[in-house]
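Peer 1: Take a look and give me a structure for this.
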Amino acid sequence: MILYDIAWVLIHGTGRLLWAAEATGWENVPRTGPLIIACNHVSNIDPPMLGAFAPRRIAYMAKKELFEIPVLGPAIRAVGAYPVDRQGNASSAIKRSVEILRAGGCVGIFPEGGRNVHGDKQPQTGVALLASLGKAPVVPAAIVGTERLTPGHKMKVAFGTPLALSTERKATREELSKFTDDVMGAIESLKRTIGGNS
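Peer 2: From the prediction side, this is the model:
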């Protein structure tokens with residue numbers, strides 16, 4: 001996907017130049033096989049910055065309204081994003097996510113279901129559900145500094161140790177909830193490690 005590679009280079013370079021952006025924990029990200037990367041979310045720039053500082057391509061589900069915006073819609077679709085109806089039926093987005101995972105791809109998820117600027121949104125169990133359906137490990141990730149786009153304001157990204165949900169049988173609701181808590185706990189720990197607020 002040539003456009004993805006071009007975008008990666010441009011955003012990565014801009015991040016380093018304007019915000020001295022850096023990433024740690026690349027060694028924790030499997031380079032092949034099905035994978036979910038789950039990250040905190042406070043800014044619209046989080047998805048491209050996370051993608052540009054990850055060591056492999058990430059496909060994101062994005063709210064369907066974004067695909068209706070001229071230029072932006074075709075652009076994000078061209079780099080592998082796919083729509084999800086956050087107010088209605090998300091089954092098509094879940095199906096697409098599972099297809100990507102079963103093909104050995106990487107899906108990026110923000111468990112809080114959208115930007116959580118004030119830290120008051122509760123995480124959803126979608127990340128655990130996809131881990132179960134797609135039989136994929138989850139790499140927790142944290143990004144800090146994206147709430148301000150002032151040049152010189154430093155941004156950091158960190159990737160943590162992969163977490164795995166048992167794939168031997170269908171996960172129970174309690175197991176999905178606990179795994180979601182484990183993922184969010186790992187994200188919060190990473191945030192503190194790189195200087196973010198918990």
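
Peer 1: helices or strands up against the lengthiest strand in the chain?
Peer 2: As assigned by DSSP state E, the longest strand anywhere in the chain is strand 138-144. Packing partners of strand 138-144 (3 or more C-beta pairs under 8 Å, 6 or more residues apart in numbering; DSSP states H and E): strand 35-39, helix 46-52, strand 156-159, helix 173-193. All C-beta spots, glycine's among them, are computed from the backbone N, C-alpha and C.

Peer 1: would you turn those into JSON lines with mean pLDDT and mean neighbour count?
Peer 2: What follows is those, written out as JSON lines (pLDDT from 0 to 100; neighbours: other C-beta atoms under 10 Å):
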{"stretch": "strand 35-39", "mean pLDDT": "97", "mean neighbour count": "26"}
{"stretch": "helix 46-52", "mean pLDDT": "94", "mean neighbour count": "23"}
{"stretch": "strand 156-159", "mean pLDDT": "97", "mean neighbour count": "24"}
{"stretch": "helix 173-193", "mean pLDDT": "94", "mean neighbour count": "17"}
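
Peer 1: Next, format these as CSV and append distance to residue 131.
Peer 2: As requested, these are exported to CSV (distance: least, C-beta to C-beta, whole Å):
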stretch, distance to residue 131
strand 35-39, 6
helix 46-52, 18
strand 156-159, 16
helix 173-193, 7
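
Peer 1: which one of these lies closest to residue 110?
Peer 2: strand 35-39 (6.0 Å; C-beta to C-beta).

Peer 1: what angle separates the closest one from helix 173-193?
Peer 2: Interaxial angle, strand 35-39 versus helix 173-193 (axes from the mean of the first three to the mean of the last three C-alpha atoms, to 10 degrees): 60 degrees.

Peer 1: May I have strand 35-39 as CSV, with CA atoms only?
Peer 2: In CSV, the C-alpha atoms belonging to strand 35-39 read as follows (Å, rounded to 0.1, in the frame of the first residue of the first chain):
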residue,chain,number,x,y,z
LEU,A,35,-2.3,-8.4,16.2
ILE,A,36,-4.3,-5.8,18.0
ILE,A,37,-2.8,-2.6,19.2
ALA,A,38,-4.9,-0.9,21.9
CYS,A,39,-4.1,2.7,22.9
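
Peer 1: Taking their axis directions, it and strand 138-144 sit at what angle?
Peer 2: Going by the same axes, to 10 degrees, strand 35-39 makes 30 degrees with strand 138-144.

Peer 1: Would you tell me which of the helices and strands packed on strand 138-144 gets closest to residue 95?
Peer 2: Nearest of the helices and strands packed on strand 138-144 to residue 95, taken as C-beta to C-beta: strand 35-39 at 15.3 Å.

Peer 1: picking that back up, closest one to residue 108 among the helices and strands packed on strand 138-144?
Peer 2: strand 35-39 (5.0 Å).

Peer 1: I'm done for today, thanks for sticking with me.
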